[in-house]
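Asks: predicted structure and sequence below. I'll ask about it afterward.
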Amino acid sequence: MTPSTGPITEALRARFTQPVRGPSYRPSAKWMVVSTLVTLAAYGAQVMSRVGMPAWPVLVLIGAGAFVLLSTTWYILNGNTTVDAEGIRQDWLFEKNYPWSQVLHARRLRVPFTSRLLLRMGAGPIKAIHSGNRELDEAFAEVAAIYARHVRG
C-alpha cells in the first residue's frame, strides 16, 4: 500500500481550508492528572518527613521520575491539536506532524475522557492523535468519514 494521494488528500484539503485547533485533552482528564500529581507530591513529602533523606542514587531516581511526571503533566495541560489542509499536528516534547499525503487510513476511536484519531501510515505503528473539545471531535469524525468513503469506493 502506498500513502494516500489523489481524491482523499484533495477532499481533506478542501474540507480543512480553515484549520481546526484545540486542546489535546478534555478538562476532566486535566483535572485527573493534576490531582494525581498533587497526591503523589503530598505522599512523597509525607514519606520523606518520616523516613528522612534517602541515599543519592534514590534521589536521582526520584528526580528523574519527577521530571517525566512534570513534563507529561505540562503536555496534557498545554498540548494542542491542529487539523488543517496540510495534515494533522499535535504538540508534545517533539511535534507530531502527519501530512495527509502520508496517511493510509484514519479511524476515530472514542475512549473515556477523550476521543482519538488513529492514523495508519506507510510503515511503523499506528499513531494516536488526541482531541480535547467538540470541534476536534467533529473534525476527527469528518476525517474518518472521508477515508471510509474513499476506501469503500
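Replies: Good, I have the coordinates. Computed from a prediction, not measured in an experiment: that's the story for all the values here. Residues are numbered from 1 along each chain as shown.

Asks: what's the spacing between the closest residue to H130 other than its chain neighbours and Y147?
Replies: Setting aside the residues directly before and after it, H130 is nearest to S24 in space (C-beta to C-beta, 6 or more residues apart in numbering), at 4.3 Å. Glycine gets a C-beta too; all of them are placed from N, C-alpha and C. Here the criterion is C-beta to C-beta, to the nearest Å. By it, S24 lies 21 Å from Y147.

Asks: can you check I88 too?
Replies: Remark: distance between I88 and Y147 (C-beta to C-beta) = 12 Å.

Asks: the two: which is more packed in?
Replies: Per other C-beta atoms under 10 Å, whichever of I88 and Y147 has more neighbours is I88, with 26 against 23.

Asks: which residues touch the more buried one?
Replies: In this structure, I88 makes contact with T81, T82, N97, Y98, W100, L117, L119, I129, V143, judged by C-beta atoms under 8 Å, 6 or more residues apart in numbering.

Asks: what's the PyMOL line that selects buried ones from the residues you listed?
Replies: Buried residues among those (16 or more other C-beta atoms under 10 Å), as a PyMOL selection:
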select buried, resi 81+82+98+100+117+119+129+143
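
Asks: and which of the contacts of I88 is nearest L136?
Replies: L136 lies nearest to T81 out of the contacts of I88, by C-beta to C-beta, at 5.7 Å.

Asks: was I right to think that closest one contacts H130?
Replies: Yes. Counting by C-beta atoms under 8 Å, H130 is a contact partner of T81 at 6.3 Å.

Asks: which neighbours do these two share?
Replies: Looking at what touches both T81 and H130 (by C-beta under 8 Å, 6+ apart), the common residues are S24, Q90.

Asks: which residues in this structure form strands?
Replies: For the chain, the strands identified by DSSP state E occupy 20-23, 80-83, 87-90, 96-99, 103-111, 114-121, 127-131, in order along the chain.

Asks: any stretches of the chain with poor pLDDT?
Replies: Judged by pLDDT under 70, the chain has its weakly predicted residues at 1-5, 113, 151-153.

Asks: could you pick out the longest helix of it?
Replies: Assignment by DSSP state H gives helix 27-51 as the longest helix of the chain.

Asks: for P7, which non-adjacent residue is closest in space?
Replies: H150 (5.5 Å).
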